[in-house]
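A.B. asks: Provide a 3D model corresponding to the input given below.
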Amino acid sequence: MSAVRRLRWAVQERTLGAAEDLDWAMGELSVFRTAAAEGKDLDDLIRVYVPEPTVAFGQRDTRLPGFEAAAAAARAHGFAPLTRRAGGRAAAYHHGCVVVDHLCLQEDAAVTQRARFSAFADLFVRAFARMDVPASVGEIPGEYCPGEFSVQGPAPEHPVKLAGSAQRVVKGAWLFSTHVVVADAAPLRAVLTDVYRELGMPMDPRTVGGAEDVHPGASVEQFVAALRAEYADWAAERGMSLVDLAV
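C.D. replies: Got it, this is the predicted structure:
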């Protein structure tokens, strides 16, 4: 009888540092890539953490004339300006946010990227529903780090972006990273307004918000619990068992 595959769930309780938190997932992706190359098996791994105040710039952002000024604007707001290897345009997060990194071995990882974006966007919508936060998939006109598979919520004044995702694919494996805004969106709105202005890119500040704006009282702890429950169901549907890891 074959062993049941595991979905490893790891909540990182302490920060490694803004840059180190961002880089950790890329280092772990290298572990998965090596395992794939050597024909070894690895169970899926999900790492969940609350990030330090960060503006994660996309690689294309760094080539814009206003990048240095945008990085300076991020620092002025108390956010570390970093460049990520997975993702599109600048996104900001802080202690009212959650970052979710999902790593997996898959032979045809490169040809299933779009399907992954769609499937995981739907998963996050279901997680929000568990905490009574209505959400849907789709880009909001003028949103930061725009994407077809953004998760949005109907805040009272204007729809807000609740979650955005990015992925990095290597031979035999993938990393799917999602950043979620739960609470205290005002500092994010302020820093992104200045960052996008310096980059010379349009951005509607009204699209910056979080689950708390859609459902007052929503908390990071509630979201992490809801996401774990949703992933437990996701694992069970695939014959996997979710196991908690100490980090």
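A.B. asks: can you pull out the helices in the chain?
C.D. replies: With DSSP state H as the criterion, the chain has helices at 18-37, 67-76, 113-130, 186-199, 211-214, 220-237.
A.B. asks: next, the angle from the third one to helix 220-237.
C.D. replies: In other words, helix 113-130. If you take axes from the mean of the first three to the mean of the last three CA atoms, to 10 degrees, helix 113-130 sits at 120 degrees to helix 220-237.
A.B. asks: what residues does helix 113-130 touch?
C.D. replies: 102, 134-137, 147-151, 153, 162-163, 165, 167, 169, 174, 176, 178, 180, 211, 223, 226-227, 229-231, 234 (CB atoms under 8 Å, 6 or more residues apart in numbering). (Each C-beta comes from the backbone N, C-alpha and C, glycine too.)
A.B. asks: list the buried residues of that helix.
C.D. replies: Arg116, Phe117, Phe120, Ala121, Leu123, Phe124, Val125, Ala127, Phe128, Arg130 (16 or more other CB atoms under 10 Å).
A.B. asks: what about that helix, average pLDDT?
C.D. replies: For helix 113-130, the mean pLDDT works out to 98.
A.B. asks: longest strand of this protein?
C.D. replies: strand 159-170 (DSSP state E).
A.B. asks: other SSEs contacting it?
C.D. replies: helix 18-37, helix 113-130, strand 151-154, strand 173-181, helix 211-214 (3 or more CB pairs under 8 Å, 6 or more residues apart in numbering; DSSP states H and E).
A.B. asks: can you redo those as CSV with distance to Ala69?
C.D. replies: Conversion of those to CSV gives the following (distance: least, CB to CB, whole Å):
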stretch, distance to Ala69
helix 18-37, 20
helix 113-130, 31
strand 151-154, 29
strand 173-181, 23
helix 211-214, 29
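A.B. asks: neighbours of the closest residue to Arg75 other than its chain neighbours, how many?
C.D. replies: In space, and not counting its chain neighbours, Arg75 is closest to Pro81: 6.3 Å by CB to CB, 6 or more residues apart in numbering. Here the number of neighbours of Pro81 (other CB atoms under 10 Å) works out to 24.
A.B. asks: bridging residues for Pro81?
C.D. replies: Val55 (DSSP bridges).
A.B. asks: same question for the one 10 residues further on.
C.D. replies: On the basis of DSSP bridges, Ala91 takes part in beta bridges with Ala56.
A.B. asks: ok, it - how many residues close by?
C.D. replies: 23.
A.B. asks: ok, now which ones touch it?
C.D. replies: Val55, Ala56, Tyr144, Cys145, Gly164, His179, Leu192.
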